[in-house]
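okay, structure incoming, though there's no sequence with it:
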């Protein structure tokens, strides 16, 4: 039981409680007093830390009930509008998040709010935005709600927080739920997941995936011990060049070596001893993890994209275990063009551990047997389709866009129906050739800068000869060298190069620099998008993002088809002295922009002795 802070308010409530105990004429009278004064006791802190709303465990406070897949969790958040605006507008710096050799600090901060979960009111919780890049959203942000951030309270047993993911990349809402379900059924340590209907200040944000946070309570449930070292992997791997990108959830002593460091060094050996490796990593668990990622087509996981995973050092056996995370990009064959295509859908093999194990005959055969076992015992099309139908019935009345939801549900059904044949077709060619070593995750690098003042006129239509309009003193640099232009103009208008309106009904103001490069006569178009709510005169710099087009749109789309990873992006800030959307009105200010892109993909060299 938690100690009660001694305050005048607590003393008064304690006096009333003692008085009631000694003067109640019956147990019924005493019970009536406790019920009537329950809210006051809760406010004063006189309830036990891990109790329900009446000081006892109930179905509503049972942590297992929170993850009941047949139950739609209802989460009602009440928060000061100004605080909500603060957290929903927080964003990651694209360059900072993906360029550092070490994980970037989180930009998200907690604010206070009240929340009601399935009718249970919990006051003064901490709430913050979450997500990396693909899931970030200002209107429907993914959220973490931490119950004991500001008060000593744990209303759901040992659980101290809930995680709500917005499914921005998965309109079907099915990917996370089905993925974690299959991982768990395969015997992989996995978080639980169901669905939540989320409202903020009375406004529905639609259906979220409610995912069990990978924290000590979850690790205790799965492993029987939650005290081990936990690390999150975001474009990280057990490679010398990327091992520092792991985000450890406990502070490490300076220059201390971890099991992840040991595994990195072990994989550098000219010959891998499987028995010794199995003492470091639970290979049976990893093979199931790896085979499941391949089976569900999880292109943004560890074995293909070296992303969205945790590694846990289990104190009970001192072995490393891989855990899935962020599985909103599974149950699909569609891989974004900027992501490396999956060469062998039956064997995701970009990551260091998967790549090395596949090139060893013994573990290659164990992987095949694991995948075949999953296909035979866990990939039950009839049961999966039945579960998809159940979820569709549960959610179709509460999703924000029913047509989009149903369209993507059909895509998930198609994946389930066709996946077995697609996998077995590749297994028929076993062993599948693997002629490259592990991929070194590509990071974002800075190619150039745009800095300086501009002045343009707002126009409702794309003007002819934009390179001759407006004026700018901005300096353009690439590879630290100034770019010379024979002409350089600047225009401002609503975006028509992106399908913004179809996406969310909002068109975005853009600042467009168009120049003719002196060295080759090629037209360069620098497009910077400003959030509609930020498009007004202000002394404050506001964030912008966009894209660099080299040589016109035909050349741009040709480049995307040939090498989509070579795309150049615009990221930075603009300060607007004048801004209006009236035809011909002035738009003026200064920009501080970076031109960024992905580094060229690299591979570790193959070592013949590991084959």
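In hand now; what should we look at? As the structure is a computational prediction, the values presented were derived from the model and not from experiment. Numbers count the residues shown, from 1 in each chain.

touching the helix or strand containing residue 178 from outside, list them.
Taking DSSP states H and E as the definition, one finds residue 178 inside helix 175-185. Residues from elsewhere that reach helix 175-185 (CB atoms under 8 Å, 6 or more residues apart in numbering): 69, 165, 167, 170, 190-195, 209, 211, 289, 292, 295-296, 298, 324, 327-332, 378-379, 384, 387-388, 391, 412. Using the backbone N, CA and C atoms, a C-beta is placed for each residue, glycine as well.

filter those to the buried ones?
165, 167, 170, 190-195, 209, 211, 289, 292, 295-296, 298, 324, 327-332, 378-379, 384, 387-388, 391, 412 (16 or more other CB atoms under 10 Å).

among the residues you listed, name the ones in strands.
With strands taken from DSSP state E, the overlap with those comprises 165, 193, 194, 195, 209, 211, 324.

distance to residue 242 and pLDDT added to these, as CSV?
Formatted as CSV, those follow (distance: CB to CB, whole Å; pLDDT from 0 to 100):
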residue, distance to residue 242, pLDDT
165, 25, 96
193, 28, 98
194, 34, 98
195, 34, 98
209, 28, 97
211, 25, 97
324, 19, 98
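
may I have the phi/psi pair for the spatially most central residue of the chain?
Per CA atoms, centre = their mean, the C-alpha nearest to the average position across the chain is that of residue 131, at 3.8 Å. Per-residue torsions, residue 131: phi 130, psi 160 (degrees, to the nearest 10).

what stretches of the stretch 401-550 of the chain score poorly on pLDDT?
Low-confidence segments of the stretch 401-550 of the chain (pLDDT under 70): 496-506.

check the chain too.
Within the chain, the stretches with pLDDT under 70 are 1-60, 93-100, 133-134, 496-506, 564, 607-611.

how is it carved up into domains?
8-44, 224-441, 444-598 (automatic domain parsing).

thinking again about what came up before, separation between the residue nearest to the centre of the chain and residue 189?
Going from residue 131 to residue 189 by CB to CB, to the nearest Å gives 23 Å.

follow-up on the earlier one: hang on, the residue nearest to the centre of the chain packs against residue 142?
Yes: using CB atoms under 8 Å, residue 131 is in contact with residue 142, at 4.5 Å.

joint contacts of the two?
165, 166.

rewinding a little: and which of the ones in strands among the buried ones among the contacts of helix 175-185 is nearest residue 540?
residue 165 (30.9 Å; CB to CB).

now residue 78: how far from residue 278?
Taking CB to CB, one finds residue 78 at 51 Å from residue 278.

what secondary structure does residue 577 sit in?
At residue 577 the chain is in strand, as set by DSSP: H, G, I helix; E, B strand; the rest coil.

from here on, call the first residue 23.
All set: I'll call the first residue 23, so the last point we hit is now residue 599.

what about stretch 150-157, start to end distance?
Distance between the two ends of stretch 150-157: 14 Å, counting by CA to CA, to the nearest Å.

where do the strands sit along the stretch 473-622 of the chain?
493-494, 497-500, 503-504, 507-516, 531-539, 545-552, 564-572, 590-600, 608-620 (DSSP state E, counting those that start in this stretch).

what's the closest of those strands to residue 390?
Nearest to residue 390, of all the strands of the stretch 473-622 of the chain, is strand 608-620, at 33.0 Å by CB to CB.

what sits against the closest residue to residue 488 other than its chain neighbours?
For residue 488, the nearest residue in space outside its immediate sequence neighbours is residue 536; the separation is 4.2 Å by CB to CB, 6 or more residues apart in numbering. By CB under 8 Å, 6+ apart, residue 536 lies in contact with 488, 489, 510, 511, 512, 513, 545, 546, 547, 548.

make TSV out of those and add neighbour count and distance to residue 420.
TSV is the format used below for the contacts of residue 536 (neighbours: other CB atoms under 10 Å; distance: CB to CB, whole Å):
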residue	neighbour count	distance to residue 420
488	21	45
489	19	50
510	23	51
511	21	49
512	25	45
513	21	43
545	17	48
546	21	47
547	20	42
548	24	42
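
want to throw those into TSV with distance to residue 602?
Listed next are those as TSV, based on distance: CB to CB, whole Å:
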residue	distance to residue 602
488	19
489	23
510	23
511	19
512	15
513	14
545	27
546	27
547	23
548	22
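
sort out which one of the residues you listed lies nearest residue 554 for me.
residue 513 (17.7 Å).

report the beta-bridge partners for that closest one.
Residue 513 has these beta-bridge partners by DSSP bridges: residue 534.

relative to residue 492, how far out is it?
Separation of residue 513 from residue 492 (CB to CB): 6 Å.

list the residues that contact both of these two?
Joint contacts of residue 513 and residue 492 (CB under 8 Å, 6+ apart) are 478, 479.

so what's the closest residue to residue 611 other than its chain neighbours up against?
Counting by CB to CB, 6+ apart, residue 611 lies nearest to residue 598, which is 4.1 Å off, once chain neighbours are set aside. Each residue near residue 598 by CB under 8 Å, 6+ apart is listed here: 552, 557, 558, 559, 560, 564, 609, 610, 611.

and if you look at residue 600?
559, 607, 608, 609, 610, 611.

name only those of those that count as buried.
Those of the contacts of residue 600 that meet the buried threshold are 609, 610, 611, by 16+ other CB under 10 Å.

the first one is in contact with residue 532, isn't it?
No: contact criterion CB under 8 Å: residue 609 and residue 532 do not qualify, at 10.3 Å.

so what sits against both of the two?
Joint contacts of residue 609 and residue 532 (CB under 8 Å, 6+ apart) are residue 514.
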